[in-house]
Every structure is written in C-alpha cells, then in structure tokens.
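>>> Could you work out the structure for the sequence below:
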Amino acid sequence: MDFDLQTTLPLALLGLMVAFALGWLASRFDVRQWKREQQESPKAYYKGLNLLLNEQQDKAIDAFIEAVQHDPGTSDLHFALGNLFRRRGEYERAVRVHQHLLGRGDLSATERERAQHALAQDYVKAGLFDRAEAAFRALEGSSFATDARLELLTLHERSRDWHAAIDTARKLEAAGAGSFAGRIAHYGCEIALEADALRRPDEAAEALRKAREAAPQAPRPRVIAGQRHAQAGRHREALAVWDELLAAQPAAFALIAQDYAASALACHDEPAARAQLQTAYERLPSLDLVQALLKLDPDAAARHARLRQHLQDHASLSGAAALLKEQLAQGVLPAAVDAEQLQRLATAAARPQQRYRCAACGFEAQNYFWQCPGCHTWDSYPPTRLEDQ
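Got it, this is the predicted structure:
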C-alpha cells in the first residue's frame, strides 16, 4: 500500500502534539495535587501546634490526626500524636501509635530507637511495668541506652527489686553516667532489712558490709548495723558502730541519739556515752541529743537545768514542752493543772515543727525517711527537724 507523505506527516505531527499536551496536562495535575497535599499537611501540623500552645489538647489531637492522614509517612507527626495521647492519659492509643511506627519497614534505625523508647514510656505510664522493662532492655546498645537504664533503675526501685537495681546502677556508673554509690548503699540496706525480716542474719550482715563498701561515708549502713547489734543484745558493738557514725556523719547521729543512750544504760557505760553525746551536742545542738542526755542523767535538778539552758540557747516549742514536762514530774510549778494544760498546748503547737522536710520537693513527715515518699529522691531529708534548722 502506498503512503501519501503529504497527508500522513501532518497527521503524525498532530498526534505527537496531542500526546505531548496530554502528558503535560497530566503532569501539571499531579504536581498541583502534590503541592496541595504538601500545603494542607503543614497547615494541619501548624494548626495542631498552635492549639497545643493554647492548651487545647482535644483540638490539637484532631489536627494532628488530620495531618497524619494527609501525610502518613511522616514519623514526626506520629511522635507528636503519641506524646499527646500519653500526656492525656490515653495510654492505649499512645501504644498503638508507637507500635505502628515500629511496624513500618521504612523507618530508620534512629527513628526506630526513638519509637521503642516512646513505647517503653507509654508502658510505664500505663502501669505495665513488665512490658516497660522489656521495652527498655531492648534499647541496650542504642543511643537511648543510658536513658533506658535510668528508667529501669526507677522501675526496680518501685518493684523493690534491689539486686536488679544494684546491677543497673553499676552499669550506669561503668557507662560514665555519674556516681551511684549512695543509692547502691541504700539498696544494700533495703536488702539487709528484708533479710532480717526473713530471719536471715548472715545475708543481712553481708548486704550491710557491701553497702558500707560501696559508700564508706554513707550514714544509713552504720545506723542499721548499730540497731541490729542493739536488738540482738550486743550493746557495746552497737555503741562502737554509732561512735563511727558520730565521727563520719555527726549530723546523722541525732537520729539514733536516744538509742545510743539506751544501749549505754544496758551495758552500764553511761560516763563514756554522756561524753560522746555532749560532744555531739556541742557540734550540732538539737532536742534529740538533749533528751538522750536526760536519759543518762539521774539527777533531777541537773536535768531541769540542762533543759532550761537548751531552751535559753535554742528557743523552740518542743523544748518548752520538754521543760514543762520535766517540771511537772518534779512538782516544781505550784499550779500543776495550769502547767499541764500549757504543756499540752505547747506540744500541739510544736508538732508541725517536729517534722523532717524533703529538700527536693518539700514533702514533710513526722518520721525520718531515707527515700522521700513524695518524689522518691534518696538522702533528700536533712537529719534535723524543722525547728532545729
């Protein structure tokens, strides 16, 4: 068949022009749609941030969900959404978001570690400590390893798994995260107390030995060691340990001052104990030390004079209450009924000042705590009551 070039060539050129035009129009449509999607996604993202800054978390979550729908491949949006769910207490939704991220095959190693860490935090907030521990352990060797170990240490403290806490603390020290000697000593003391409760004295003694080895200057191992000796009737050994405490940590000696006096009475070593208590009092005067000295002083007039002198030098309601109590016992005051009433009022007024206050969070307690019940910080309580500070 013969082709007519004059007819065929113009038709071919026209077809090429039509194909080019259609391709150009299709590409323009795709580009415009892509640009529109890109514009819509940042708008939703910035809208979410703005709502978050204005503390409108419900609306912020809706905005971030919209942004994720427009751009499901952006991991930052997923992290923002997961963190919002966690802050609102919607831990199940936070877990799903971070599990979805971990399930993505295109996620980089850095983003995967970040998602793993966020998932572990979700489990902690949800109270799923077993899952949280497993999730944190999966971060060994990652850029989040130190943070994960610190979180693990907190989990071990909450679950009172002191052996695991010691192991984790030593790993943190080896990684250069700082010294954890004081906390390791506390863990050893907790192990000793639990061993004594289970009537395992050898295990308790070994735990205290390791605690003192970990932190030679820590006061708590000596406090507990002396108390164990006293409870077992080994009062001279108790006094020897507490003498070491006085030399190493004189401020903490007031915590066991009255126990010290009781052990001295039990082994008839009053003169030496009185001298030690007087030395401690001259360094750091407190009513606890005065009351310990009163136990060792048989002379009523001397006790009265000591209390009066302490009250003159260090005025406090507790001191006034103690003096009134001593006067009532001796019958010094002519109006005993009035004095008794005054003593009750002084005691009630002094009670708020007889507390210990956490230096980290301000939590106050009538009893001394080695770990604050409020913020869980170790050694945050000064060993002196509020009125003696």
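>>> What score does the closest residue to residue 250 other than its chain neighbours have for pLDDT?
In space, and not counting its chain neighbours, residue 250 is closest to residue 283: 5.2 Å by C-beta to C-beta, 6 or more residues apart in numbering. For every residue, glycine as well, the C-beta is placed using N, CA and C. Residue 283 is assigned a predicted lDDT (pLDDT) of 92.
>>> Can you tell me how far residue 283 is from residue 242?
Counting by C-beta to C-beta, to the nearest Å, the separation of residue 283 from residue 242 is 15 Å.
>>> before we move on, what about residue 84?
Using C-beta to C-beta, residue 84 is found at 54 Å from residue 242.
>>> same question, residue 107
According to C-beta to C-beta, residue 107 and residue 242 sit 59 Å apart.
>>> Tell me the helices and strands packed up against the helix or strand that contains residue 76.
If you go by DSSP states H and E, residue 76 is part of helix 75-87. Contacts defined by 3 or more C-beta pairs under 8 Å, 6 or more residues apart in numbering; DSSP states H and E place helix 75-87 against helix 5-53, helix 57-70, helix 91-102, helix 109-126.
>>> quick one: the strands in this protein?
For the chain, the strands defined by DSSP state E occupy 356-357, 364-365.
>>> can you redo those strands as a markdown table with mean neighbour count?
As requested, the strands of the chain are arranged in a markdown table below (neighbours: other C-beta atoms under 10 Å):
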| stretch | mean neighbour count |
| --- | --- |
| strand 356-357 | 20 |
| strand 364-365 | 14 |
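>>> Low-confidence regions, the stretch 251-389 of the chain specifically.
Scanning the stretch 251-389 of the chain for pLDDT under 70 picks out the ranges 332-339, 341-342, 345.
>>> distance between stretch 298-316 and the chain's centre?
Chain-centre distance of stretch 298-316: 41 Å, with C-alpha atoms, centre = their mean, to the nearest Å.
>>> Mind listing what's buried along that stretch?
303-304, 306-307, 310-311, 316 (16 or more other C-beta atoms under 10 Å).
>>> what do you get for stretch 111-128?
For stretch 111-128, the neighbour count (16+ other C-beta under 10 Å) marks 111, 113-126, 128 as buried.
>>> For stretch 252-259, which outside residues touch it?
For stretch 252-259, contacts defined as C-beta atoms under 8 Å, 6 or more residues apart in numbering pick out 219, 223, 226-227, 230, 238, 242, 245-246, 260, 277, 280, 284, 286, 288-289, 291-292, 295, 368, 383-384.
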